[in-house]
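> Need coordinates for the following:
(2 chains)
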Amino acid sequence: MSLVKARLRNLIARQRFARRGLHPFAQANLHALEGLDPERPAADFRYVALDLETTGLDPQQDRVVSVGAVRVVQGRVRLGEVFSELVNPGRDIPAEAVKVHGITPDKIASAPHGALVFEDFLGFLGRDILVAHYARFDLHFINRVMNQRYGFPLQNLVIDTVLMCQALVLPSDPYGIGRHQQACRLESLAGRFGLPQPERHTALGDALTTAMIFQRMLARLAEKGGGRLKDLLRVAMLK
Amino acid sequence: MEEFHWQRILEFIKATVPFDGLGQDELRQLVSQMEVAYFPRGQVIISRGGPASSFLYFIQSGSAKVTLPDPAAEGGEILVDVRGEGDAFGALSMLQGGPAIFSVTAREDLICYLLPEAAFRELAARHPDIERYYRSSLARNLQAMRDSAQCQLPHMAGLEGVSLGAALVRSRVRELMSAPPVVCLPATPLRAAARIMTQRRVGSMVVAEEGARPIGVLSDTDFRVKVMLNAKSLDEPVVEYMTSPIHTIAPDAYAFEALLEMSRHGVHHLVVTDHERVVGVLSDRDLQALTGGSPVGVVRAIDQVTSVDELVRLHPSIDRVLEMLLRMGGAAREMLALVTEFNDRVTLKLLELTEQEMEDQGRGRPPLPYCWMALGSEGRREQTLRSDQDNALIFTNAPAQREMRIKDWFLAFAGRVVEGLVRCGFPRCEGGVMAVNPQWCQSEAAWHKTFLAWVLKPSPQTLRLGSIFFDFRAIYSEADFLENLALHLKEAIETNRLFLRYLAANALYNRPSLGFLRQFVVEKGGQHANQLNLKLSGLTPIVDGARVMALDLGIAATNTLERLEQIAAQGIIKTGLAEDLMEAFSFITLLRISLHLEARAAGEVPDNFLDPERLNNFQRKMLKEGFHVITDLQTLLEQRYQTRLLM
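This is a model prediction of the structure:
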């Protein structure tokens, strides 16, 4: 999708949903696409790298149990601007999922419910561009809440780091990324780029890894002579 | 206390000096103000002359080089320092303010944790010791800058045992010499000279012609020894009593080079000249201030002994001086040269004493001119401290009827020398490669035959011997034996180039342990008590590879670094690869020397095994890079000599 198309949709959403009584964060979200000049260097914009831990991999059935996000400004990850919350999914967490993220039911018994955490996250995100690994998965959960609560999906631009890796690493690396789906997993890429081990397998740790992969791909994009926002969007914007 | 979400990063910062003294709370606050940045290889992070740094950069992974533009070469640069994992940069530039003094460039893909300037200043205000730490590193950097032109390695290598960037390699002659020099004319009377020396409180003066061209040195010792004994009157001119010829050194030379020069010639004074003009005098006392002892004194002592027993008694002090010098640190090449210099001197003295002993006992002088050859690492000038003997003897071709008697004399002679070397701390060669072995004590013609046979019929045994013998060097030679031998070897190889291919295949036998290191990097916690053989997996492949190509190209040098230089000059390997190989070789050698020194300090027998756990990140990285370069060399050998086809 192009920025133009996103703007068009945003315009429609604004006309349909901008109303009194809309939550201020949601109201603000309708203006997420303002001030984006596609000709400016991509590194000049603000990004939020996000990772969700869920009860499972089925977007229809499963629920979010933790949200981690970290902000990237001027191509640098700000360790002080983080969002890290547990979410009460309101249902059981399967044992396999507990094995992955180590979040046990008793840990989240006192955690707030998804909608509340989500509202806070929307505040944290502001107008920044959202970055995620396999972003469609995360975006699905976000939009489910967005649609339920406000009637419209997230308006921010969304960048998928998997698409970035496929576009920027694949051509010079015929045997690695892209050839096998496995090679695009977050851990595989982190290992491949020699990124430091994240803080266990937490949403925030994975968000940092995602941010660092994004950071590296952004540099790669600039090296190839296409460091403008529109070059980034062409390569990795989620439809 | 609630768990901090960037605990790992916190631990990382806490592990870097001078942040190791901070408390958890303060560290949490610091980390929360940090940013993570990525710089692709080659990106300039701080630009010399540009704005001051606005961050303190902690290197999480990768390395960065600190450089200055080279005034001598357009577009060239002088490497001031290399910073690796766990190091920091940018502090100085921040503290100094104003335009940056050095450029910092990513040497490989770099991930850094950045502490913004405001946070750093606040911290420095609270902790004066942190500011002091970085201020003092300015001095270190400036020092490094002065040295950087030639000594890029010393301050990067070494375990705890070897102090990094020691005084001897850091200091230039210019800084140590007495200047301006006290000079007199050749015609100056002794009396006047003595008065000047007393007045100026110097132990020596330079005798120079008009126009300042130096021709000799007159020292206290000359007064004590020559003048007191021989002078008829103090009106005689100094030219009759001065020590001449003189040995000179340039003001920009390093103290280490001066030491080598003094050791080589057994002199106490060097005249420092700049374009043939005297600018100062450097005495061994000036160097003693740096070394805390007198290496030159020991060299003199070796020269003055009159019996093998005395020489053996000297052995502990030789060891002490050598060890002290090695502890001072320095570039690998110089350190190896120094060890060789001392060992050569002991051997030479032993040859001289043994000849005398044979004569005194009625067995006569050497019946024919001969040459005492050093082989193996000794032949390559690559010994570290004491290693096993590897030697052989050549004597001039003799008439058949006398050959047996002559060989008997040389065998008896070699037997005594080898025995003497053992007593001086050089163990016998377990493989029997010593001149006392009749096989390795032969006439010139016999040696030519031996080498020819090896080259024409390569076998595992002869290839192994070749790898020891073809690194021959004369310690003492009364004729041009070795030049002839080298010529014969070259011709032999030209008639059977297949030999080179076998030798190359042999050189590929020892492979660097790449997998080992990779595994090691993963197993950071590591309970693996794995050890790495520095010699076999690091040095031997380079030494063997350089030998094959040197023999191929008819390069007479046996020293690995020299061989590599010359091979590169002939264009067989790229200059870049040759430089990398030389750096790898030097680095691994330094590691090995420090390993040996540590073992000795702990009263253990030195070996070549290194526990990689004990390397710091940077050393590990260097080693890993070194191994990669060695692999490149081996690939090149494989291709050039088609070794696979031999299998």
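
> Next, the buried residues of stretch B:626-643.
Of the residues in stretch B:626-643, B:626-627, B:629-630, B:633-634, B:636-637, B:640-641, B:643 count as buried by neighbour count, 16 or more other C-beta atoms under 10 Å in any protein chain shown. The C-beta positions use only the backbone N, C-alpha and C, and glycine is treated the same way.

> same question, stretch B:461-478
Quick answer for stretch B:461-478 (16+ other C-beta under 10 Å): B:462-463, B:465-477.

> Just the endpoints, please. Distance across it?
With C-alpha to C-alpha, to the nearest Å as the measure, stretch B:461-478 spans 30 Å from end to end.

> could you give the mean pLDDT of that stretch?
Average pLDDT, stretch B:461-478: 90.

> In terms of helices and strands, where is A:Leu79?
Of the helices and strands defined by DSSP states H and E, A:Leu79 is found in strand A:76-86.

> Please see if that strand touches chain B.
Yes: counting by C-beta under 8 Å from any C-beta of the partner chain, chain B has neighbours in strand A:76-86: A:76-80, A:82, A:84.

> partner residues bridging the residue positioned nearest the centre of chain A?
Nearest residue to the geometric centre of chain A (C-alpha atoms, centre = their mean): A:Ala132, 3.3 Å. For A:Ala132, the beta-bridge partners are A:Leu50, A:Asp160 (DSSP bridges).

> again, but for B:Tyr113
Bridge pairing for B:Tyr113 - DSSP bridges - gives B:Val36, B:Phe58.

> Filter the buried residues of stretch B:461-478 down to just the ones in helices.
Counting by DSSP state H, the buried residues of stretch B:461-478 place B:462-463, B:465-469 in helices.

> now those residues as TSV including distance to B:Leu500?
Below are these laid out as TSV (distance: C-beta to C-beta, whole Å):
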residue	distance to B:Leu500
B:Thr462	13
B:Leu463	11
B:Leu465	16
B:Gly466	10
B:Ser467	13
B:Ile468	17
B:Phe469	15
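
> Check those against A:Ile213 and report the nearest one.
B:Ser467 (48.4 Å; C-beta to C-beta).

> Flag the shaky bits of chain A, pLDDT-wise.
A:1, A:170-183, A:198-200 (pLDDT under 70).

> what about the nearest residue to A:Thr55 once chain neighbours are set aside, neighbour count?
Among residues not flanking A:Thr55 along the chain, A:Asp62 sits closest, at 4.5 Å (C-beta to C-beta, 6 or more residues apart in numbering or on different chains). Neighbours of A:Asp62 under the rule other C-beta atoms under 10 Å in any protein chain shown: 17.

> A:Asp62 in helix, strand or coil?
coil (DSSP: H, G, I helix; E, B strand; the rest coil).

> which other residues reach the strand holding A:Leu79?
A:48-49, A:65-73, A:103, A:107-108, A:111-112, A:117, A:120-121, A:124, A:202-204, A:207-208, A:211-212, A:215, B:5-6, B:9, B:31-37, B:113-114 (C-beta atoms under 8 Å, 6 or more residues apart in numbering or on different chains).

> Could you double-check that B:Leu95 lies in contact with B:Ile130?
No: using C-beta atoms under 8 Å, B:Leu95 makes no contact with B:Ile130, being 10.4 Å away.

> residues shared between the contacts of those two?
B:Ala124.

> Show the contacting residues for the closest residue to A:Cys184 other than its chain neighbours.
Spatial nearest neighbour of A:Cys184, excluding adjacent residues (C-beta to C-beta, 6+ apart): A:Val162 at 5.2 Å. Counting by C-beta under 8 Å, 6+ apart, A:Val162 makes contact with A:133-135, A:184.

> any idea which element A:Val162 lies in?
Element membership of A:Val162, judged by DSSP H and E, is helix A:161-168.

> Look at residue 119 and give its secondary structure.
Looking at chain A here, since you left the chain open. Under three-state DSSP, A:Glu119 comes out as helix.

> not quite, I wanted chain B
helix.

> what's the pLDDT at it?
pLDDT for B:Ala119: 93.

> Give the phi and psi angles for the residue nearest to it when sequence neighbours are not counted, as a check.
Leaving aside its sequence neighbours, B:Ala119 sits nearest to B:Gln33 (C-beta to C-beta, 6+ apart; 4.3 Å). Main-chain dihedrals, B:Gln33, degrees, to the nearest 10: phi -100, psi 0.

> Likewise for the one 5 residues further on?
Note on B:Tyr38: backbone dihedrals following degrees, to the nearest 10 are phi -120, psi 130.

> residues touching it, list them.
Counted by C-beta under 8 Å, 6+ apart, B:Tyr38 has contacts A:75, A:212, A:215-216, A:219, B:109-112.

> Apply 10 Å and report the result again.
Residues in contact with B:Tyr38 (C-beta atoms under 10 Å, 6 or more residues apart in numbering or on different chains) are A:75-77, A:193, A:195, A:211-220, B:60, B:62, B:106, B:109-112.

> just B:Lys349 next, same as before
By C-beta under 10 Å, 6+ apart, the contact list for B:Lys349 reads B:302-306, B:308, B:310-311, B:314, B:420, B:424.

> Show me which helix runs longest in chain A.
Ranked by residue count, the top helix of chain A under DSSP H comes out as helix A:203-223.

> And that one, what's buried?
A:203-222.

> so which of those residues also contact chain B?
Restricting the buried residues of helix A:203-223 to those near chain B by C-beta under 10 Å from any C-beta of the partner chain leaves A:204-205, A:208, A:211-220, A:222.

> Please list only the buried members of the contacts of strand A:76-86.
Buried by 16+ other C-beta under 10 Å: A:48-49, A:65-73, A:103, A:108, A:111, A:117, A:121, A:124, A:202-204, A:207-208, A:211-212, A:215, B:5-6, B:9, B:31-37, B:113-114, out of the contacts of strand A:76-86.
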